[in-house]
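Undergrad: Mind folding the following:
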Amino acid sequence: MRNHILNGAFSRIGTMRRMAIATTMLTLLLCGQPLTAQNQIPSPGDPNPGGDRLKSALMNATMRAIGFEIQMYEIRLNAAKNGPGDPANIPVFEAEIATLKDELAHTSQMAPSDFALPPKEIVHITVTQPYTYGSMLEVDNMTRSGPFYHVTGITNDDFSLLEPGKKYALAIYVVRPRDYVLPFAENAYVYVQIGDQRTGPSEATADQQLIPESPTPSPPPAIPPTPSFGILSLSPRQTGQEILLAINLGANSFTIRTASNGCTFKSSFRVDIHKAEGISPKLPHYDLTIYRIQPDECKMILYDGVEITFDLAEDLSIAGPCTYSVTNWVYRSAERPQ
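TA: Numbers count the residues shown, from 1 in each chain. Below is the predicted model:
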């Protein structure tokens with residue numbers, strides 16, 4: 001009886017420790033900090049230091065993928081608790097989040113030498129916009145059934161290696177499947193390898209370099225960089241700078257109307273605040289940019305989107321006299337014929 005109680009206590013302690021580790025890793029992910037797998041520095045007797053360097057990078061990409069999955073299920077859990085989701089799914093989503101956090105903690109404690117290399121393949125892409133973590137590779141000949149490859153890692157964490165307006169043949173590792181509403185679609189998180197990572201950074205190899213073809217289109221307008229999300233959000237399922245359907249600015253608050261699949265909330269967004277010189281020293285100006293940080297994976301059809309109001313004082317801690325502007329683009333559809 002005593003041994004049974006002790007074993008149960010040790011098991012609970014181990015679970016709590018893994019959950020604490022997972023929470024720490026997830027916090028790093030959400031804050032845009034680089035993840036670091038344990039034991040990256042090879043020992044003097046390591047027979048395969050270059051391989052472990054690649055495995056460490058793949059482990060980090062895997063942990064970031066798990067973090068995105070946790071975010072996805074937390075959105076679904078919020079919808080189940082507060083609507084419009086089904087409350088019966090609350091225990092299902094809570095159990096899935098606990099399992100993912102346990103997986104995240106387990107992966108973070110692995111040695112690179114114990115990490116199994118995932119499948120590697122070559123894909124052809126045409127880059128039209130800057131990439132960041134969570135971006136979907138623009139794979140040539142992609143259909144509604146995929147493949148949908150979401151980037152959670154790239155060599156040296158350097159997304160400038162993929163330049164808008166150019167075509168590439170890339171080596172990718174599929175690090176983890178991505179939960180998706182269409183089970184038949186190929187949807188996964190991937191790591192993009194540029195050059196030979198076993199021996200450190202280098203020039204792109206034959207299967208990873210720019211494809212010399214016909215003149216490529218001009219790159220799109222520059223997008224202001226952000227710590228974590230630097231691309232445009234072209235749909236509710238994509239993170240990035242939100243393209244709005246409408247906006248109404250007021251003295252103390254502003255209201256946006258934006259696309260939604262049924263699970264878009266105020267918590268789905270982050271507002272970046274840039275303080276600038278105003279019309280007088282006592283009247284500062286604030287440039288506000290809205291970023292979607294949580295994808296909306298629900299399946300409702302909301303043709304008019306949803307309206308969300310941000311209070312300058314309560315939500316953004318902007319107090320006192322000032323002027324402000326919102327820098328996001330607003331989508332204008334073609335006018336209907338008269």
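Undergrad: Might you calculate how far the lengthiest helix in the chain sits from the centre of the chain?
TA: Ordering each helix of the chain by length in residues (DSSP state H) puts helix 49-82 first. Relative to its parent chain, helix 49-82 has a centroid offset of 9 Å by CA atoms, centre = their mean, to the nearest Å.
Undergrad: List the contacts of the residue nearest to the spatial centre of the chain.
TA: In the chain, the centroid-proximal residue (CA atoms, centre = their mean) is Gly134; its distance is 3.4 Å. Going by CB atoms under 8 Å, 6 or more residues apart in numbering, Gly134 touches Phe68, His150, Val151, Thr152, Phe229, Gln238, Thr239, Pro295. Where you see a C-beta, it was placed from the backbone N, CA and C, and this is true even at glycine.
Undergrad: what's the closest non-adjacent residue to Ser233?
TA: Leaving aside its sequence neighbours, Ser233 sits nearest to Gly240 (CB to CB, 6 or more residues apart in numbering; 4.0 Å).
Undergrad: The contacts of Gly134 in strands, which ones?
TA: Members of the contacts of Gly134 lying in strands (criterion: DSSP state E): His150, Val151, Thr152.
Undergrad: before we move on, back to that, now the residue nearest to Ser233: how far from Asp296?
TA: Between Gly240 and Asp296 the distance is 13 Å, computed by CB to CB, to the nearest Å.
Undergrad: Okay, helices next: where are they in the stretch 51-200 of the chain?
TA: Along the stretch 51-200 of the chain, counting by DSSP state H, counting those that start in this stretch, helices occupy 90-108.
Undergrad: how about low-confidence regions in it?
TA: 51, 84, 181-183, 196-200 (pLDDT under 70).
Undergrad: sorry, back to before: bridge partners for the residue nearest to Ser233, pull those for me.
TA: According to DSSP bridges, the residues that bridge with Gly240 are Arg292.
Undergrad: How about the one 4 residues further on?
TA: Per DSSP bridges, residues listed as beta-bridge partners of Leu244: Val330.
Undergrad: unless I'm mixing things up, it is touching Trp329, no?
TA: Yes: taking CB atoms under 8 Å as the definition, Leu244 is a contact partner of Trp329 at 7.1 Å.
Undergrad: anything in contact with each of the two?
TA: When CB under 8 Å, 6+ apart defines a contact, no residue borders Leu244 and Trp329 alike.
Undergrad: more crowded one of those two?
TA: Legend: neighbour count by other CB atoms under 10 Å for Leu244 and Trp329, higher for Leu244 (16 against 12).
Undergrad: and that one, what pLDDT?
TA: For Leu244, the model assigns a pLDDT of 93.
Undergrad: Now Met72. Nearest residue, chain neighbours left out?
TA: Using CB to CB, 6+ apart, the closest residue to Met72 is Glu297 (5.7 Å).
Undergrad: what's the answer for Thr126, then?
TA: Nearest to Thr126 is Lys167, by CB to CB, 6+ apart, at 5.0 Å.
Undergrad: Burial check on that neighbour, number of neighbours?
TA: Lys167, neighbours per other CB under 10 Å, totals 16.
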